[in-house]
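# coordinates only, sequence not included:
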């Protein structure tokens, strides 16, 4: 798969582009079932909502579930990643944000690269977030909201790698959230736009775009899979503290495409 010149232009100018219904209902259902299995696997890769048993996020499912191992090599995801980042990319981080009906928490306004630079000493924002909707994303169930074009400001106010505030394994967006005065100025300049679409849609977004989301008060879940591709030449630099592999991918070999006719639904594990 290759993005059109218009889609590339939209990504470059706006910092994100939505590809509607890129995966069909059968494929989405297979991925949901895989996520349900992985959600039951104990371990630190599962993050819960504060004070509840509800899952907030699950990391590194591609290391445990063959459907996700195949998905990240799908030409429908890997093709755009190569086009926008470079010909040689690997999986830097994989997570599924699970916003349950009525209770799924929001995410503060932030820029992803600020967290990755501070926590992992990642040199440059040569990455791409590829987010796949596992449920319909509507205005009611806490969609991701972007500030179009805000990626062009760079990583404003980025903390230095290893700052004490970011010493935990999981970087809470609240720790790197943008202040109210700054957000007023940014929204006045860029506006806000939510990424919506049916399950199976994909949104490609820049690691420096300002984004966040509200609490899901609706009776509809909003599960969002985010695969972050990184240029193999842009690996984290050594620091005193190294986050675990489920948060920061150690396998930096260049990803190769799969044969999609059998891998997404059947879940053939690609070594």
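On my side now, so go ahead. Every value quoted in this text rests on a predicted model; they were computed, and no experiment measured them.

# which residues touch the residue nearest the centre of the chain?
Most central in the chain under CA atoms, centre = their mean is residue 226, positioned 3.0 Å from the mean C-alpha point. Residue 226 makes contact with 93, 94, 95, 96, 97, 129, 130, 131, 132 under the criterion CB atoms under 8 Å, 6 or more residues apart in numbering. Glycine gets a C-beta too; all of them are placed from N, C-alpha and C.

# Is it in a helix, a strand, or coil?
strand (DSSP: H, G, I helix; E, B strand; the rest coil).

# so which strand or helix has the nearest residue to it once chain neighbours are set aside?
Leaving out its chain neighbours, the residue that sits closest to residue 226 by CB to CB, 6 or more residues apart in numbering is residue 131, at 4.8 Å. Here residue 131, judged by DSSP states H and E, is contained in strand 127-133.

# Now residue 135. Its backbone dihedrals?
Main-chain torsions, residue 135, degrees, to the nearest 10: phi -140, psi 160.

# Hmm, I typed the wrong one, I wanted residue 47.
The phi/psi pair for residue 47 (degrees, to the nearest 10) is phi -120, psi 130.

# pLDDT at it, what is it?
pLDDT for residue 47: 91.

# all numbers from here: first residue = 522
Sure, I'll start counting at 522 from here, so that last one is residue 568.

# so what's it bridging to?
Under DSSP bridges, the beta-bridge partners of residue 568 are residue 578.

# Please list all residues in contact with it.
Contacts of residue 568 (CB under 8 Å, 6+ apart): 576, 577, 578, 579, 580, 691.

# From the contacts of residue 747, pick the one nearest residue 528.
residue 651 (13.2 Å; CB to CB).

# Would you confirm that the closest one contacts residue 595?
No. The pair residue 651 / residue 595 is not scored as a contact, 9.8 Å apart, by CB atoms under 8 Å.

# which of the two has more neighbours?
Using other CB atoms under 10 Å as the criterion, residue 651 and residue 595 rank with residue 651 on top: 25 against 22.

# show me where the chain has strands.
537-540, 567-569, 576-580, 610-620, 628-631, 648-654, 665-667, 714-715, 723-726, 732-734, 743-752 (DSSP state E).

# average pLDDT for the shortest one?
Averaged across strand 714-715, the pLDDT comes to 98.

# Give me the angle between the strand holding residue 652 and strand 610-620.
Angular relation of strand 648-654 and strand 610-620 on a 0 to 180 degree scale: 40 degrees, by axes from the mean of the first three to the mean of the last three CA atoms, to 10 degrees.

# Can you list the low-confidence ranges for the stretch 672-792 of the chain?
Within the stretch 672-792 of the chain, the stretches with pLDDT under 70 are 677-696, 781-792.

# 90 instead, please
Low-confidence segments of the stretch 672-792 of the chain, defined by pLDDT under 90: 674-700, 759-763, 779-792.

# ranges for the helices of it?
Assigned by DSSP state H, counting those that start in this stretch, the stretch 672-792 of the chain shows helices spanning 701-711, 781-784.

# And the first one, what's buried?
Which is helix 701-711. 704, 707, 711 (16 or more other CB atoms under 10 Å).

# chain center to it: distance?
Centroid separation for helix 701-711 versus its chain: 23 Å, with CA atoms, centre = their mean, to the nearest Å.

# So which elements touch it?
Packed against helix 701-711, as judged by 3 or more CB pairs under 8 Å, 6 or more residues apart in numbering; DSSP states H and E, are no other helices or strands.

# let's see it at 10 Å
Judged by 3 or more CB pairs under 10 Å, 6 or more residues apart in numbering; DSSP states H and E, the packing partners of helix 701-711 are strand 628-631.
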